[in-house]
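> take this sequence and fold it.
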Amino acid sequence: MNEGERHEVMVEALAENIQRVASEVCVGMQNSLPEVEENLDRPDRLMASVERIISQNPRIRSCGISFIEGYYPQKGRAFMPYAFRGDSGRVEVSDLGIVRQDYLHEKWFLEGLQAKGGYWSEPFFEAVDSVAPLVAYLQPVRDAQGRTVAVLGVDLPLSGIYKDMAAMDGRIFASEWTSGGGRKRKQYKPYSFLISGKGTFLVHPDKQRIIRDNINNIIKASPDTLAAYAGRRMKAGESSAEDKNEDAYLETFEFDGADSYFFYRPIKQTDWSVALVVPELSIDMVGYIVGGVLVFFVLVAVLVVWLVSRLSIRRATMPLKLLASSADEVAKGNFDTPLPDIKYNDEFLQLRDSFEVMQHSLTLYIAELKDTTASKAAMEKELKVAHDIQMSMLPKIFPPYPERSDIDIYGMLTPAKDVGGDLFDFYIRDERLFFCIGDVSGKGVPASLVMATTHSLFRSISGHMSDPVRIAETLNNTLADGNETSMFVTAFIGVLDLATGCLRYCNAGHNPPLIIGREVSVLDCEPNVVLGLIPGLTFVQQEIHLDPQTSIFLFTDGLNEAEDATHAQFGDDRIRSVLEKLLKEDKNEPEMIVTQMCDAVHSYVNGAEQSDDLTMLAIKYKGGERKKERGEKDNGKQG
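Modelled structure (predicted):
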């Protein structure tokens, strides 16, 4: 491989490294855009979105979503969720639109609104210190109607690309570029630089030229030279490897004061180009010969030093070997292993004393660890007992009423921790099915205590009350009494008349159930207020008539808010899709509904950790079958 080919490979490696950096930013922005557009109706979630974007790419300095004027009236004239990575590495999030409303008239914002897709901006200096060079990747954000409502942008420090280019090969950048007084001196070391599509220097060993200078100045100074020819090809996004002009490729020409070879490549996914300037003298064979001689003498000197040092080190480190042998025994668990005696009061003696302290510390630590392990095992056993007690409170025999043909029920609860805060219950009294499902705020032991209380209260109150609204109001007043922790419960309470199919219900801030009849639909529910926060509240009761063979599917937010590894939620649309498929296949029995929904959500999260308790309850009203059966028995008795 000749020198020209070697430097072509070097500039190709530079281009690929820069392209990888740009690609990481572009792909990250494109992957984050759907999340931003899905949350346009929830502006407060956008703060978490920009924080996630900057946290996932350590190269990004800041990220912001700049909305058009007045898009969120409640947020004021300008709204810009903004995340910034400080010098300490900590990410800070704020609404920058409060203090920077002038962005609505800035050129970059107006151009971003008109853009058809993502693009790289021209470089600029950081507004605070006017020293740190940056380049921005901007992406228009569109709402569900296709209107551009914001510009999503990230700032990429050019200093990171500079360091990457310097790390590729220590011979690329010169240690100095200018001498005193700013006069340029001849270069004898290869160096590289990066320009934008307009010719602006993005990276250059002379930091004074970054952003402030343009390759057009070189072209204008000598328009008919080979240097100008190469500069024009770089701006056009062409490669020196494809250059058919043999004079430009094989001969040297004066570039920035030195006769040099010139190699360049465009950067994919951007309009940038990177160039490697190799001064002619840097590949002079005399340098290699002198360097070879120097390397030979250096190797001889190193060999001599190595032999002398090896003998000295072996004698000096003998106590260390003995100490290492004792340390191996300690590592095997023999904490009473004797340590070697050190005669000299030096660092080895200090190390030996430190090992002795470590022996005593390990002995104490092992004893404490045994006690801690025993305590942990006892705690886990108690939590297991608490889990069993909690599960025993819920219905667990299905089908619960095998002797009845007018109703079928199936339910399931899977806590996120050993104990959870979800509940469901049902029973039949006076030919009416009383049922409820609820979700306590929080998780773990506190939520399980509130769950147990709520379950017991539902059984007690509904035992002598038949109106769901009165049950809800009594539950609310009882739970709110002395609720110093401000924990609350969302609940859906229903009473189904098994003779007529009339369902009376009251929803207290819970997810509305789905009705599976001729089609799948959402039950119309007044949201009301959650239980347990404010005593004395009144609730709205609603009523609906269920046709025979109609099912009602109730669930907690552990289903629709189940997240996969990327934090994308299962969602209401997927719930409805599963139910519609079961209805189409005539498999809308309660057990089939719950088990198929459970399989669907487990397949979606694909092993991700469960973030919330998951509870589902399906009730199928079969209607007239029970009534007809009862009539036949009565006729039989009469006969």
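
> OK, contacts around residue 474?
457, 461, 465 (CB atoms under 8 Å, 6 or more residues apart in numbering). The C-beta positions use only the backbone N, C-alpha and C, and glycine is treated the same way.

> let's see stretch 146-153 as CSV, backbone CA atoms only.
What follows is stretch 146-153, C-alpha atoms only, in CSV (Å, rounded to 0.1, in the frame of the first residue of the first chain):
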residue,chain,number,x,y,z
GLY,A,146,-50.3,17.0,9.9
ARG,A,147,-49.7,20.6,11.0
THR,A,148,-46.2,21.6,12.1
VAL,A,149,-46.6,22.8,15.6
ALA,A,150,-43.0,22.7,17.0
VAL,A,151,-39.4,22.1,16.3
LEU,A,152,-37.5,19.4,18.2
GLY,A,153,-33.8,20.1,18.4
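
> in helices, which of the contacts of residue 474 appear?
Assigned to helices by DSSP state H, the following of these qualify: 457, 461.

> a markdown table for the contacts of residue 474, including pLDDT, neighbour count and distance to residue 138?
Converted to a markdown table, these look like this (pLDDT from 0 to 100; neighbours: other CB atoms under 10 Å; distance: CB to CB, whole Å):
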| residue | pLDDT | neighbour count | distance to residue 138 |
| --- | --- | --- | --- |
| 457 | 94 | 17 | 56 |
| 461 | 95 | 17 | 58 |
| 465 | 94 | 16 | 61 |
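
> which of the contacts of residue 474 sits closest to residue 279?
Closest approach to residue 279 among those (CB to CB): residue 457, at 86.1 Å.

> thinking again about what came up before, redo the contacts of residue 474 as a markdown table? Include distance to residue 146.
Below are the contacts of residue 474 laid out as a markdown table (distance: CB to CB, whole Å):
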| residue | distance to residue 146 |
| --- | --- |
| 457 | 51 |
| 461 | 52 |
| 465 | 52 |
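
> quick check, nearest of the contacts of residue 474 to residue 264?
Within the contacts of residue 474, distances to residue 264 taken as CB to CB reach their minimum at residue 457, with 77.0 Å.

> these two touch, right, that closest one and residue 478?
Yes: judged on CB atoms under 8 Å, residue 457 makes contact with residue 478 at a distance of 5.7 Å.

> quick one, helices of the stretch 101-250 of the chain?
Assigned by DSSP state H, counting those that start in this stretch, the helices in the stretch 101-250 of the chain fall at 107-114, 158-168, 215-221, 226-235, 246-250.

> looking at those helices, which is nearest to residue 400?
Across those, residue 400 has its closest neighbour in helix 107-114 (59.5 Å, CB to CB).

> tell me the contacts of residue 47?
Here residue 47 is in contact with 81, 83, 93, 95 (CB under 8 Å, 6+ apart).

> OK, contacts around the last one?
So that's residue 95. Contact analysis of residue 95 by CB under 8 Å, 6+ apart lists 47, 75, 79, 80, 81, 82.

> now the two most distant members of those.
Greatest spacing in the contacts of residue 95, by CB to CB: 75 and 82 (12.9 Å).

> between these two, tell me which one has more neighbours.
Using other CB atoms under 10 Å, the more surrounded residue of residue 75 and residue 82 is residue 82, with 23 against 17.

> make sure the more buried one is actually in contact with residue 54.
No: Residue 82 is not in contact with residue 54 according to CB under 8 Å; the separation is 9.7 Å.

> what touches both of those two?
62, 63.

> count the neighbours of residue 308 for me.
10.

> what of the one 3 residues further on?
Counted with other CB under 10 Å, residues neighbouring residue 311 total 9.

> now do the SS call for it.
helix (DSSP: H, G, I helix; E, B strand; the rest coil).

> roughly how far does it sit from residue 304?
12 Å (CB to CB, to the nearest Å).

> before we move on, what about residue 428?
Distance, residue 428 to residue 304, using CB to CB: 98 Å.
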